[in-house]
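A.B. asks: Mind folding the following:
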Amino acid sequence: MSVTVTDTFKQFLVDEVYDDFYNTGKDSVDPTRSSYFIGIGRTQAWEFPDSDLSPPIVSPSLRDSKSFMEDLQSVQLCEDATRVAPRYNWSNGSIYSGWNDDYHSNLVFAAGQQYQHPFYVITTSNRVYVCIKSGIGSNGLRTNSTIRPTDITGDTFQTADGYQWRYLYTVGTNDTRKFLTSGYIPSNAILDSSEGGPVFDDLDPFQQEHLAIQKRAVPGEVIGVEIESPGSDFVDGQYELEFVAVPLILDGAIQTVTDARAWATVSGGKITDVTMKDPVAIDTYHFGKNYYDASVKFVTANSGIGYKLRPIVSYDRGLASDAARDLNSTALMFNVILDGTGNSNFVVENDFRQVGLIKNLEQIDSNGSGILSTSKFTSPRASLLDKIKYNVADVGVSLFTENITGDNILTGAITGATAILHTVEEDMFTYSQSSTTGYKNFQVGEPLEVSNGGGITSVVAIEYSTVSKETGEVYYIDSRRPFMRSVDQTEDIKIVIDF
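C.D. replies: Coordinates of the predicted model:
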């Protein structure tokens, strides 16, 4: 039995999360909003059989989600997200394939894969183009792309190397900084004001241009014709093809078809190329309009036998109408920038081993009662570590801070409570507890032992985090080798979730 989840359903799931993020997640006034946080944690080394050189494989289990939350150090509100697609740079001498309705999100275009040649590119100007048709040699094989596409009208155009391209959009300055990586490019559609998007004047110039290209999209074009079998016994020459249409239905109405036209080249008695480009009016393409599907045949009878041609028809709203569909995107990228201590909310001078995405944390009172104080936590950032104020008079007498690192164990002499030490401040220890250490509370006034020669001090006061680790929905966990942070350090964290 063979089953699949279609790209249509994957893109529906992406849209649901994306809409949840932006429709409610940007309103910091509304306490019922959805809030997405990126968090870092796990200061202690990985335990056998895993190690810092070989971190454990994370499972999607409830247990691993709980463990991630237990070890969480800090979170920051995620203010930006976008749909993304794998990145393929245009490179002189590479081969690219034309857009094909047979391609899907599970494909990887790379050497050694089933499909080696990507169908879209991003250039050094951050312009994204879809390849309509490869350059084809007289032998019927794809040729190398040697002319970088530059036209930005949105019309299909052909470069001197025989490749046909169509411009989609430019990754703007803001999106370049937030979302453009060596592995991904942003691939969002631009909503205009009639669709719930911003008014035109609020869009930046790149978005305005992108929106204009989208509005030019033609529904149901015949983008090309795939030669599934080249046949034999043809007389060499060029032959016109015609299409029998299955009309597109949009918004409950059958659409009127505008006829597409194509021309097949025969060389050596077999079909070597098919183009939608008019051989007489050489800058004119005949992709037609409002096709749902089609069959293709020769306009005039010919002597060829054994050939098989398949029309390649775009989706209903048309190529360039939605960048995510154009590029088969089924992934979302979330982005935050961690800057130094983040107003004392982020651990520095210590490492972390996990990064994750969490939705909808809740607040608790800082007295340790565990009582929820509000329905949602909405601050831009927070530490999820508790704090012990210790007796500074003990430093150098019974407490030896030079022996204290970020991973010492704290033990209360009266309560027997234990915890993992994260950082040492002027008069504070930050710490966390887990199922390994137990969850027994420390007691004000009790002696406090610090492991590995750290010495003994006493608990002066306890301050609990106002964020509940028992709340929130964990959507993503990445376990990795230790990453050290410092006060003057900035991390640009991007999380990609691929459906």
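A.B. asks: low-confidence ranges in the chain?
C.D. replies: Low-confidence segments of the chain (pLDDT under 70): 1, 24-33, 340-344, 366-375.
A.B. asks: Let me see the domain layout of it.
C.D. replies: 7-82+332-384+468-498, 95-169+215-323, 386-463 (automatic domain parsing).
A.B. asks: So which of those is nearest Gly197?
C.D. replies: With Cβ to Cβ as the criterion, Gly197 lies closest to domain 7-82+332-384+468-498 of those, at 10.3 Å. Placement of C-beta: from N, CA and C, glycine included.
A.B. asks: And the closest one, end to end?
C.D. replies: 11 Å (Cα to Cα, to the nearest Å).
A.B. asks: ok, now stretch 121-136?
C.D. replies: End-to-end for stretch 121-136, by Cα to Cα: 18 Å.
A.B. asks: Stretch 476-492 now?
C.D. replies: Terminal-residue distance, stretch 476-492 (Cα to Cα): 17 Å.
A.B. asks: Give me the residues contacting it.
C.D. replies: The contact list for stretch 476-492 (Cβ atoms under 8 Å, 6 or more residues apart in numbering) reads 42, 45-46, 52-53, 55-58, 64-65, 68, 335, 337-341, 346-357, 495, 497.
A.B. asks: Using neighbour counts, trim those to the buried set.
C.D. replies: 42, 46, 55, 58, 64-65, 68, 335, 337-338, 341, 346-348, 350-357, 495, 497 (16 or more other Cβ atoms under 10 Å).
A.B. asks: Shouldn't Ala393 be within a helix?
C.D. replies: Yes - assessed with DSSP: H, G, I helix; E, B strand; the rest coil, Ala393 lies in a helix.
A.B. asks: For Trp46, give me its contacts.
C.D. replies: So Trp46 contacts 52, 54-56, 353, 479 (Cβ under 8 Å, 6+ apart).
A.B. asks: residues near Arg127, how many?
C.D. replies: 19 (other Cβ atoms under 10 Å).
A.B. asks: Distance from the longest helix seen in the chain to the middle of the chain?
C.D. replies: Counting by DSSP state H, the longest helix found in the chain is helix 7-24. Centroid separation for helix 7-24 versus its chain: 12 Å, with Cα atoms, centre = their mean, to the nearest Å.
A.B. asks: Columns distance to Tyr88 on top of the domains of the chain, output as CSV?
C.D. replies: Output for the domains of the chain, formatted as CSV (distance: least, Cβ to Cβ, whole Å):
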stretch, distance to Tyr88
domain 7-82+332-384+468-498, 16
domain 95-169+215-323, 4
domain 386-463, 41
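A.B. asks: which SS state does the residue with the largest distance to the centre of the chain fall under?
C.D. replies: Farthest-out residue of the chain from its mean C-alpha position, per Cα atoms, centre = their mean: Val397, at 52.8 Å. Applying three-state DSSP to Val397 yields a three-state assignment of coil.
A.B. asks: Ser74 too?
C.D. replies: Classification of Ser74 using three-state DSSP returns strand.
A.B. asks: same question, Asn174
C.D. replies: helix.
A.B. asks: With adjacent residues omitted, what lies nearest to it?
C.D. replies: Spatial nearest neighbour of Asn174, excluding adjacent residues (Cβ to Cβ, 6 or more residues apart in numbering): Asp204 at 6.8 Å.
A.B. asks: same check, this time on Glu221
C.D. replies: Distances taken as Cβ to Cβ, 6+ apart put Phe287 closest to Glu221, at 3.8 Å, once the chain neighbours are dropped.
A.B. asks: ok, back up a step: next helix or strand past the longest helix of the chain?
C.D. replies: Next helix or strand after helix 7-24 toward the C-terminus (DSSP states H and E): strand 36-41.
A.B. asks: contact partners of that next one?
C.D. replies: 21, 25, 68, 71-78, 81, 334, 336, 338, 346-347, 352-359, 361, 384, 472, 493, 495.
A.B. asks: could you check the angle strand 36-41 makes with the helix or strand following it?
C.D. replies: Remark: after strand 36-41, the chain's next helix or strand is helix 62-70, criterion DSSP H and E. Counting by axes from the mean of the first three to the mean of the last three Cα atoms, to 10 degrees, helix 62-70 lies at 80 degrees to strand 36-41.
A.B. asks: which residues touch helix 62-70?
C.D. replies: 41-42, 58, 354, 356, 358, 432-435, 469-470, 472, 474, 477.
A.B. asks: and the residue nearest to Asn174, how many neighbours does it have?
C.D. replies: Asp204, neighbours per other Cβ under 10 Å, totals 12.
A.B. asks: List phi and psi for it.
C.D. replies: phi -80, psi 170 (degrees, to the nearest 10).
A.B. asks: What sits closest to Asp293 if chain neighbours are left out?
C.D. replies: Counting by Cβ to Cβ, 6+ apart, the residue nearest Asp293 is Val246, at 4.3 Å.
A.B. asks: Give me the secondary structure label for that neighbour.
C.D. replies: strand.
A.B. asks: Show me the beta-bridge partners of Lys494.
C.D. replies: When bridges are called by DSSP bridges, Lys494 pairs up with Asn335.
A.B. asks: What's the local residue count around it?
C.D. replies: Neighbours of Lys494 using other Cβ under 10 Å come to 19.
A.B. asks: ok, it touching Asn335?
C.D. replies: Yes - contact criterion Cβ atoms under 8 Å: Lys494 and Asn335 qualify, at 5.0 Å.
A.B. asks: Between the two, which contacts overlap?
C.D. replies: Counting by Cβ under 8 Å, 6+ apart, the residues touching both Lys494 and Asn335 are Phe179.
A.B. asks: By residue count, tell me the biggest strand in this protein.
C.D. replies: strand 473-485 (DSSP state E).
A.B. asks: quick one: that one to helix 7-24, angle?
C.D. replies: Using the same axes, to 10 degrees: strand 473-485 against helix 7-24 is 80 degrees.
A.B. asks: Starting from strand 473-485, tell me which strands it pairs with and how they run.
C.D. replies: Strand pairing (DSSP bridges) places strand 473-485 next to strand 350-359 (antiparallel).
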